[in-house]
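Below: sequence and its predicted model.
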Amino acid sequence: MATTDTIVAIATAPGDAAIAVTRLSGADAVAIAARCFRGARDPLESGSHRILFGSFVVGADAGGRMATSTGATAPAATPLDTVLLSIFLSPHSYTGEDIVEISSHGGPAVPRVILETLIGAGARPARPGEFTERAYRNGKLDLAQAEAVASIVRARSERSLRAAHATLGGDLSRRIEALDAELVGLLAEVESRLDFPGDVRESADVAAFAARCDASAAALREWIARLPSARRREEGVRVAILGAPNVGKSSLLNALLGYDRAIVDESPGTTRDTIEASIWLDGMEIRLTDTAGLRQATDPVERLGVERTERAAAAADLTILVRDCTRRDAGAAESQRLMGATKGPVIVAWNKSDLERRGPATTAAAEVETVAVRPGGVDTLVAALRAALPRVLGESVAVDLPATSARQEALLIDAAAALERAAGQLRVEDPESVAYDLAAVDLTEARRALGETVGRGVDDAVVAAIFARFCVGK
């Protein structure tokens with residue numbers, strides 16, 4: 001995989017914007033940018049970082065002045081935009097190579113012409129994630145930190161951002177290295193009994209070896225057990241809003257959001273499809289899904305809507321069951337059936353409580369009274385959602401873990417399983433029958449799995465697949 005050529009990409013999202021950033025990285029990044037830039041007098045310099053202000057031009061040839069000079073480019077050059085150049089020289093840059101970032105006006109035209117001009121001047125269009133891939137290959141980031149970059153870009157809440165930033169800062173890598181350091185010492189002890197059996201103390205230490213394997217495996221299992229709740233914090237808590245037709249589900253959705261997202265009408269069955277939107281509580285995304293009303297539908301389209309309602313209920317981490325205070329029996333049977341199929345807490349929201357008192361108590365985790373059409377009418381529901389979050393997550397919402405990808409989780413599971421096998425090889429009644437060779441194989445396998453989480457020994461095809469999921473320009 002070539003990493004010596006110079007790559008270029010637009011690093012900001014397309015569309016109308018005040019600023020767009022185009023990024024170059026590679027040995028020729030400064031020279032390519034200089035061919036297309038009319039330099040400024042007295043550039044601001046700080047060590048290996050320079051900031052230049054001047055004109056980006058089209059039509060300059062190889063005779064154009066360098067970026068740090070004050071002369072003009074070739075006479076044929078046409079000024080395109082006034083830009084800011086930030087130059088980061090190797091190795092003090094994100095990728096470890098020379099980087100030039102061109103900050104221009106935004107919009108669809110200017111960044112595109114700048115990109116095409118730089119390609120014409122000798123740069124190659126970057127692949128998705130290629131800047132971060134170069135940072136990884138040049139030792140600026142390990143693979144866990146590199147994956148965290150994508151997690152930061154995709155973060156949708158403060159909590160998911162904190163988790164991803166912790167991984168980028170090395171939190172996950174340090175946990176892995178601490179576990180690996182313990183295994184290095186343990187593996188050395190086990191292998192010494194294979195290579196120099198006459199020079200080590202007899203098998204009195206075997207039980208201690210097994211206990212050390214058990215302790216490391218238990219630490220991994222505890223970590224793995226907390227990952228589903230950590231992933232909910234990163235991806236958001238899924239909340240399904242269920243209930244009979246015309247009980248006010250869509251009105252509650254709109255009230256929670258603070259704007260009209262769903263159509264509301266007095267006619268039953270207005271909502272026939274699922275409608276999704278999000279709110280944020282205590283820095284956590286709550287992914288709300290409004291659903292079709294629960295009833296015995298005869299219309300084919302409405303039946304499809306009810307089927308989607310059932311799927312949303314099955315996938316939800318938490319359910320809001322909306323009941324109508326003025327029609328206490330509306331959808332009761334269908335609601336009760338779905339309540340038994342949900343996997344998380346259920347909050348019963350007795351809506352239209354301004355018209356009549358709520359119905360009889362249910363077996364739900366919480367019951368609240370709401371008035372979706374009045375200001376502050378869903379405050380009790382918001383409070384119930386906040387109170388239910390610890391139950392949904394299975395632990396205190398104040399506990400944060402570093403962001404961990406599905407790939408990394410699978411490797412942690414492999415490492416824990418290998419350690420448990422090693423402990424089994426070492427935990428025997430007869431000290432003379434200890435299978436040190438098999439225990440060494442299992443400990444080596446555990447170290448391999450831990451190493452791959454941070455990029456040691458990972459196949460190039462796996463690395464390419466990871467970075468292919470990144471956006472272009474990152």
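Thanks, I have the structure now. Numbering: from 1, shown residues only.

Under the pLDDT cut-off, which ranges of the stretch 301-450 of the chain? List them.
The stretch 301-450 of the chain contains residues with pLDDT under 70 at 301-303, 328-341, 356-365, 394-400, 429-433.

mind listing the helices for it?
Listed in chain order, the helices of the stretch 301-450 of the chain (DSSP state H, counting those that start in this stretch) span 332-341, 379-393, 406-426, 436-453.

want to try JSON lines for these, with distance to residue 255 and mean neighbour count as columns?
Backbone N, C-alpha and C define where each C-beta goes, glycine included. As requested, the helices of the stretch 301-450 of the chain are exported to JSON lines (distance: least, CB to CB, whole Å; neighbours: other CB atoms under 10 Å):
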{"stretch": "helix 332-341", "distance to residue 255": "20", "mean neighbour count": "15"}
{"stretch": "helix 379-393", "distance to residue 255": "8", "mean neighbour count": "18"}
{"stretch": "helix 406-426", "distance to residue 255": "36", "mean neighbour count": "20"}
{"stretch": "helix 436-453", "distance to residue 255": "44", "mean neighbour count": "21"}
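
Any idea which of those gets closest to residue 285?
helix 379-393 (11.3 Å; CB to CB).

Which strands or helices does that closest one pack on?
On a contact count with 3 or more CB pairs under 8 Å, 6 or more residues apart in numbering; DSSP states H and E, helix 379-393 meets helix 206-235, strand 237-243, helix 249-257, strand 275-281, strand 318-324, strand 346-351, strand 366-369.

Just checking: what are the partner strands of the shortest one?
When pairing is defined by DSSP bridges, strand 366-369 lines up against strand 346-351 (parallel).

now the partner strand and strand 237-243, what's the angle there?
Counting by axes from the mean of the first three to the mean of the last three CA atoms, to 10 degrees, strand 346-351 lies at 50 degrees to strand 237-243.

circling back: between the helices and strands packed on helix 379-393, which has the poorest mean confidence score?
Among the helices and strands packed on helix 379-393, strand 366-369 has the lowest mean pLDDT, at a mean of 80.

who touches it?
325, 345, 347-350, 353, 358, 361, 380-381, 383-384, 387-388 (CB atoms under 8 Å, 6 or more residues apart in numbering).

ok, 6 Å please
Strand 366-369 is contacted from outside by 347-350, 353, 358, 380-381, 384, using CB atoms under 6 Å, 6 or more residues apart in numbering.

Also stretch 316-324?
Outside stretch 316-324, the residues that reach it (CB under 6 Å, 6+ apart) are 237-243, 247-249, 330, 335, 342, 344-352, 388, 392.

Report the buried residues of that stretch.
Within stretch 316-324, the residues that count as buried by 16 or more other CB atoms under 10 Å are 316-324.

out of the residues you listed, who's nearest residue 111?
residue 317 (40.0 Å).

Just give the closest residue to the residue positioned nearest the centre of the chain, not the sequence neighbours.
Central residue of the chain (CA atoms, centre = their mean): residue 151, 3.3 Å from the mean position. In space, and not counting its chain neighbours, residue 151 is closest to residue 164: 3.6 Å by CB to CB, 6 or more residues apart in numbering.

still on that earlier bit, the helices and strands packed on helix 379-393 into a markdown table, with extra columns for distance to residue 287?
As requested, the helices and strands packed on helix 379-393 are exported to a markdown table (distance: least, CB to CB, whole Å):
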| stretch | distance to residue 287 |
| --- | --- |
| helix 206-235 | 8 |
| strand 237-243 | 5 |
| helix 249-257 | 12 |
| strand 275-281 | 5 |
| strand 318-324 | 10 |
| strand 346-351 | 15 |
| strand 366-369 | 19 |
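
closest one to residue 5 among the ones you listed?
Checking the helices and strands packed on helix 379-393 against residue 5 by CB to CB gives helix 206-235 as the closest, at 35.1 Å.

Tabulate the helices of the stretch 301-450 of the chain in a markdown table, adding columns for distance to residue 137.
Shown next, in a markdown table, are the helices of the stretch 301-450 of the chain (distance: least, CB to CB, whole Å):
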| stretch | distance to residue 137 |
| --- | --- |
| helix 332-341 | 48 |
| helix 379-393 | 37 |
| helix 406-426 | 18 |
| helix 436-453 | 16 |
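
Poorly predicted segments of the stretch 1-150 of the chain, please.
Across the stretch 1-150 of the chain (using pLDDT under 70), the flagged ranges come out as 1-3, 39-48, 58-78.

Where does the nearest residue to residue 50 once chain neighbours are set aside sit, in terms of helix or strand?
Spatial nearest neighbour of residue 50, excluding adjacent residues (CB to CB, 6+ apart): residue 87 at 4.3 Å. Applying DSSP states H and E as the criterion places residue 87 in strand 78-88.
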